[in-house]
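# prediction below, plus the sequence it came from.
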Amino acid sequence: NAGVTQTPKFQVLKTGQSMTLQCAQDMNHEYMSWYRQDPGMGLRLIHYSVGAGITDQGEVPNGYNVSRSTTEDFPLRLLSAAPSQTSVYFCASRKREGYEQYFGPGTRLTVT
Amino acid sequence: AQRVTQPEKLLSVFKGAPVELKCNYSYSGSPELFWYVQYSRQRLQLLLRHISRESIKGFTADLNKGETSFHLKKPFAQEEDSAMYYCALLNSGGSNYKLTFGKGTLLTVNP
């Protein structure tokens, strides 16, 4: 099992550019989430999904879109990047009946 | 609304000293609490779950509902314990699920 994978590992964007952060898991987990990690702010939930075709907003959803067309993939889209979105982004997954979240390695995004 | 508070951003101890990382929570239901750890250049991973009441890597954490706390403790800190520690609360009511994290405590264990 590769677990939770994220691409790219690093990305630099200019203000206004768009991009998609990829997240995939091969554990057949129903639940998937996106978090951002900022110094002094901890991890904040952006969006989450409880299954294919079902997504919902977390604590800081503005500026981000998600979709869940398959169980395996949960991409995060930045439509028009802003410097405030400079952060480290983590994807995580979990089985519905379980409790442990499995995290990806993270994507470090810088918006200039 | 659920909230997790970790009052210490930084905690520095010497090897062999006891360590306690504080966590307080607010939640209207019955909480399910966890400690996650992130070692340097590694993924965030689960350290402890309050229901299991087990000791992992010498760490223990007891849920105190009266004080709404879930402090992480280790009697003798080791250098390899240096990491970022996050307390987290799970809301699993209904079909929703949300894991709320505290802001984290960076533990440094000095030789």
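It's in.
# stretch B:4-13 spans what distance, first to last residue?
23 Å (C-alpha to C-alpha, to the nearest Å).
# er, stretch B:72-85 actually
Terminal residues of stretch B:72-85 lie 9 Å apart, using C-alpha to C-alpha.
# mind listing what's buried in that stretch?
B:72, B:74, B:77, B:81, B:82, B:83, B:84, B:85 (16 or more other C-beta atoms under 10 Å in any protein chain shown). Where you see a C-beta, it was placed from the backbone N, CA and C, and this is true even at glycine.
# now it: how far from the chain's centre is it?
Relative to its chain's centre, stretch B:72-85 lies at 11 Å (C-alpha atoms, centre = their mean, to the nearest Å).
# is the worst-scoring helix or strand of chain B on mean pLDDT up against chain A anywhere?
One helix or strand of chain B scores below all others by mean pLDDT, DSSP states H and E: strand B:98-101, with a mean of 88. Yes: contact of strand B:98-101 with chain A (C-beta under 8 Å from any C-beta of the partner chain) involves B:98, B:99, B:100, B:101.
# most neighbours among those residues, which one?
Greatest neighbour count in these, by other C-beta atoms under 10 Å in any protein chain shown, goes to residue B:99: 26 neighbours.
# if we can go back for a sec, can you list contacts of the least confident helix or strand of chain B?
Identification of contacts with strand B:98-101 by C-beta atoms under 8 Å, 6 or more residues apart in numbering or on different chains yields A:33, A:35, A:42-45, A:48, A:58-59, A:101, B:2-4, B:34, B:36, B:86-91.
# anything in the helix or strand that it is followed by near chain A?
Once strand B:98-101 ends, the next helix or strand along the chain (criterion: DSSP states H and E) is strand B:105-110. No: Strand B:105-110 is not in contact with chain A by C-beta under 8 Å from any C-beta; minimum separation 9.8 Å.
# who in chain A is up against chain B?
Neighbours of chain B within chain A, by C-beta under 8 Å from any C-beta: A:31, A:33, A:35, A:40-45, A:48, A:50, A:56, A:58-59, A:90, A:92, A:94, A:99-101, A:103-106.
# 7 Å - rerun?
Counting by C-beta under 7 Å from any C-beta of the partner chain, chain A comes close to chain B at A:31, A:40-43, A:45, A:48, A:50, A:58, A:90, A:99-101, A:103-105.
# closest one of the buried residues of stretch B:72-85 to chain A?
Checking those against chain A with C-beta to the nearest C-beta, the nearest one is residue B:84 at 9.3 Å.
# could you measure from the closest one over to residue A:74?
24 Å (C-beta to C-beta, to the nearest Å).
# would you map the strands across the chain?
Using chain A. With strands called from DSSP state E, chain A shows them at A:4-7, A:10-13, A:19-25, A:31-38, A:42-51, A:54-57, A:64-66, A:76-78, A:87-94, A:102-103, A:107-111.
# ah, no, chain B please
Remark: strands assigned in chain B by DSSP E are B:3-5, B:10-14, B:19-21, B:24-26, B:32-38, B:45-49, B:60-61, B:72-74, B:83-91, B:98-101, B:105-110.
# tell me who's in contact with the residue of chain B found nearest chain A.
Proximity of chain B to chain A (C-beta to the nearest C-beta) peaks at residue B:103, 3.8 Å away. With contact taken as C-beta atoms under 7 Å, 6 or more residues apart in numbering or on different chains, residue B:103 is in contact with A:40, A:41, A:42, B:6.
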